[in-house]
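Visitor: after the sequence you'll find the predicted model.
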Amino acid sequence: MAARKTERLVNLTILLLSSRRFVPREKIRETVEGYRGLGDESFNRAFERDKDELRAMGIPVETGSDERFFDDEPGYRIVRTDFELPPIEFTGEEAMVLGLAATVWQQASVADQTSHALAKLRAAGVDPDPSRLRALAPRLSAREAAFDPLWQAMIDRQTAQFDYKSGQRRTVQPWRLVLRNNSTYLLAFDCDRQAPRMFKLSRISGTVSTIGRPGAFVPPDDAALSGHVDALIPKSDLEVVLAIRTERAPALRRRAEQVASSIELPAGFEAYRLQLNAANAVAEIASHGADVIVLEPAGLRAGVLDQLREVVAAHADTPLRAVGEQP
Amino acid sequence: MTSQEQVARLLAMVPYLQAHPGIGVAEVAADYGITRRQLLADLNVLWMCGLPGGLPDDLIEIDMDAAESEGVIHLSNADYLSRPMRFTPDEAVALLVALQAVAEMTTGPVREAARSAARKLSEATGQQDLVWLSVSTGDERIRETLASAIDRRQRVRLTYDGAARGVTSYPEVDPAEIQMRDSIAYLQAWSLERQDWRTYRLDRIVDVALTGQSADKHGSAPELPEGWFDQSNGEVTLELAASATWVVDYYPAREIQNHPDGSATVRFAVADPAWLDSLLLRLGDQARVRSPEGVGSAAAAAAREAIERTETLFG
């Protein structure tokens, strides 16, 4: 059954592609094996569906007529230059990285799209062989359920709707997906707020739906959008001086400059000056426990002490035991 | 499989097979990611396709005997399908993003090749890359040194800032593979001290020095499993306040129960107890340990020590 349908679609494609002129509907019905013998209604249904399927695959089926004065019966054709991949040549090195690129996407939907693309390149004479790059293994996968529908809507330029955070329904034009720090964000035009907004995909709940037609908008180019990503990078707006135990807290030491301390430090500690994000500074410093002490400013030191007291209150009332140890 | 998928594959396969006369069934099946059986079924469909007219000369010619018994494919009489179809937008964008990922984690000529391939693809398809990737790949010079050490099979000593324990270490390793999982790049290397494979984040490798020795053979490096945090020796269940539920975006959870007030009960695999201590210190009042009882006490002890130190210094 499926094989016969495939056969019919391939034959229809070949017929429309091989003809310079528009092929009238009746001629198609007589010529293509799978249509012959169908009643009027079955033929119409089958033909309409087949045409839609070919178009959905990206095959440009045109409707029109060669008869200038008798255009009552429409015909169909596929213009070869619109159908065929234009000439494209890759160097050996480029073909090699294309082979590696084919292994990047891990999630089935996008991985399929990449392998279809590679199949077309192979058919155009490209030989993508990544074996010389075997020491490299780049992998991309987005775990969020919202990724697939938003990926498709972004590429099709179709308006999307989803529930964000605590159930507010949002209507957006998806412009870009941003992969950063193992999270995926959507940069989109928020139709209700009439402004660009950044959405975190893990905060989208329920299903993503699309409304309206594909090609509904044109996203701005990269240069016009670059400012929006800066919002994702925390600002370093607080200068601090910390005492850090030798060889500990490398994440802090790496962006710090060692300085002389104005007070005497405990043995094994050195003083460092660095910039932190004011909103995260208390949590970040507290996470290092007894390896980091705030020297300046005093307000931050008090904030860290408060947080450390909370930790004691939250976790100290139980006996000591290591993770994985049986009670 | 839908007919659409099969049609798309067949339309790509006809020009491919014409350009590679006598190619092996196994090779074609591998290139298209299908089984030998599916490939033979594809050929059986193609065998019935061709120009209208229904005469034997009009149909695509395939030597089915050779395909089935000798495993080689000869396809001809299909001049009208000598080029593949154009890329659909999703195919072009998927490949452009993948090339960007390759460019992000490489250096030198490989990176240049990834960029120029993307440029050509973009020109030929009229599509642009719609994903912004920001990969933590660390220092370019370190990546270059590691890549060349892998190529030449050289042993290296890393200066590594371990995050979970917050300590700098100097492991001697045989580097094997640079891997990227989503937006973080890793070195997969054989640790001489542990006599086992170890994974290092590239952005935490501060320095690489050649030891002058050559690397031993250890077979192929393991792939990073999905959520490789799971190489764990324990589990913990935490009650997280609404303001702390961001944690599940950063650390893969085994189970999440969301509560109506926005708080959540979350079960995590714990690969290293130091990770849990650091997380509890970071969250303060926003997290409680639900089970196992007592695993928060190390964090509490560290907090007490930090309070004492601070009070000793500042009275």
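Guide: Perfect, thanks for sending it.
Visitor: residue B:179 in helix, strand or coil?
Guide: Assigned with DSSP: H, G, I helix; E, B strand; the rest coil, residue B:179 falls in the strand class.
Visitor: what's the burial count for it?
Guide: Other residues within reach of residue B:179, judged by other C-beta atoms under 10 Å in any protein chain shown, total 23. For every residue, glycine as well, the C-beta is placed using N, CA and C.
Visitor: now do residue A:268
Guide: 12.
Visitor: try the one 10 residues further on
Guide: Close neighbours of residue A:278, defined as other C-beta under 10 Å, add up to 14.
Visitor: could you do residue A:217 as well?
Guide: Neighbourhood size, residue A:217 [other C-beta under 10 Å]: 14.
Visitor: return the helix or strand in chain A with minimum mean pLDDT.
Guide: helix A:222-230 (a mean of 77; mean pLDDT, DSSP states H and E).
Visitor: list the buried ones in it?
Guide: Buried residues in helix A:222-230, counted by 16 or more other C-beta atoms under 10 Å in any protein chain shown: A:225, A:228, A:229.
Visitor: run through who's touching the helix or strand that residue A:162 is a member of.
Guide: Secondary structure here is read from DSSP states H and E; on that basis residue A:162 sits in strand A:159-164. With C-beta atoms under 8 Å, 6 or more residues apart in numbering or on different chains as the contact definition, strand A:159-164 has outside contacts at A:146, A:149-150, A:153, A:169-174, A:188, A:191, A:199, A:203-212, A:216-217.
Visitor: redo that, cut-off 10 Å
Guide: A:146, A:149-150, A:152-154, A:168-174, A:186, A:188-191, A:197, A:199-201, A:203-214, A:216-217 (C-beta atoms under 10 Å, 6 or more residues apart in numbering or on different chains).
Visitor: follow-up on the earlier one: quick check, the least confident helix or strand of chain A touching chain B?
Guide: Yes. Shown here: helix A:222-230 in contact with chain B (C-beta under 10 Å from any C-beta of the partner chain) through A:222, A:225, A:226, A:228, A:229.
Visitor: what is the subsequent helix or strand relative to that helix?
Guide: strand A:238-245.
Visitor: residue B:155 belongs to a helix?
Guide: No. Going by three-state DSSP, the assignment for residue B:155 is strand, not a helix.
Visitor: wait, it sits on residue B:191?
Guide: No. With contact defined as C-beta atoms under 10 Å, residue B:155 and residue B:191 do not form a contacting pair (11.2 Å).
Visitor: compare the two (neighbour count), which wins?
Guide: Of the pair residue B:155 and residue B:191, residue B:155 is the one with more neighbours under other C-beta under 10 Å, namely 19 against 16.
Visitor: what distance do you get for that one to chain A?
Guide: Using C-beta to the nearest C-beta, to the nearest Å, one gets 15 Å for the distance from residue B:155 to chain A.
Visitor: for that residue, list the residues it contacts.
Guide: Taking C-beta under 10 Å, 6+ apart, we find residue B:155 in contact with B:149, B:172-175, B:189-190, B:192, B:210-216.
Visitor: keep only those that also lie close to chain A.
Guide: Applying C-beta under 10 Å from any C-beta, the subset of the contacts of residue B:155 adjacent to chain A comprises B:149, B:175.
Visitor: now, the contacts of residue B:155 that are in strands?
Guide: Among those, DSSP state E puts B:172, B:173, B:174, B:175, B:189, B:190, B:210, B:211, B:212, B:213, B:214 in strands.
Visitor: among those residues, name the buried ones.
Guide: When neighbours are counted using 16+ other C-beta under 10 Å, those contain these buried positions: B:172, B:173, B:174, B:175, B:189, B:190.
Visitor: hmm, back to that, closest one to residue B:92 out of the ones in strands among the contacts of residue B:155, please.
Guide: When those are compared for distance to residue B:92 (C-beta to C-beta), residue B:175 comes out closest, at 34.4 Å.
Visitor: the closest residue to the closest one other than its chain neighbours bridge partners, please.
Guide: Across the structure, with C-beta to C-beta, 6 or more residues apart in numbering or on different chains as the measure, the residue nearest residue B:175 apart from its sequence neighbours is residue B:189 (4.5 Å). Using DSSP bridges, the bridge partners assigned to residue B:189 are residue B:175, residue B:198.
Visitor: I'd say residue B:189 and residue B:154 touch.
Guide: No. In terms of C-beta under 10 Å, residue B:189 does not count as a neighbour of residue B:154; the distance is 11.6 Å.
Visitor: find residues that contact each of those two.
Guide: With contacts taken as C-beta under 10 Å, 6+ apart, residue B:189 and residue B:154 have B:146, B:174, B:175, B:215 as neighbours in common.
Visitor: is it possible to get JSON lines of those residues that adds pLDDT?
Guide: Compiled in JSON lines, those are given as follows (pLDDT from 0 to 100):
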{"residue": "B:146", "pLDDT": "93"}
{"residue": "B:174", "pLDDT": "96"}
{"residue": "B:175", "pLDDT": "95"}
{"residue": "B:215", "pLDDT": "93"}
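Visitor: wait, doesn't residue B:195 sit right on residue B:174?
Guide: No. Taking contacts as C-beta under 10 Å, residue B:195 lies outside contact range of residue B:174: 11.0 Å.
Visitor: joint contacts of the two?
Guide: Counting by C-beta under 10 Å, 6+ apart, the shared contacts of residue B:195 and residue B:174 are residue B:218.
Visitor: just to revisit the earlier point, identify, from the buried ones among the ones in strands among the contacts of residue B:155, the entry nearest to chain A.
Guide: Using C-beta to the nearest C-beta, residue B:175 comes nearest to chain A of those, at 8.4 Å.
Visitor: and the gap between the closest one and residue B:207?
Guide: According to C-beta to C-beta, to the nearest Å, residue B:175 stands 14 Å off from residue B:207.
Visitor: shared neighbours, the two?
Guide: Contacts common to residue B:175 and residue B:207, judged by C-beta under 10 Å, 6+ apart, are B:145, B:156, B:158.
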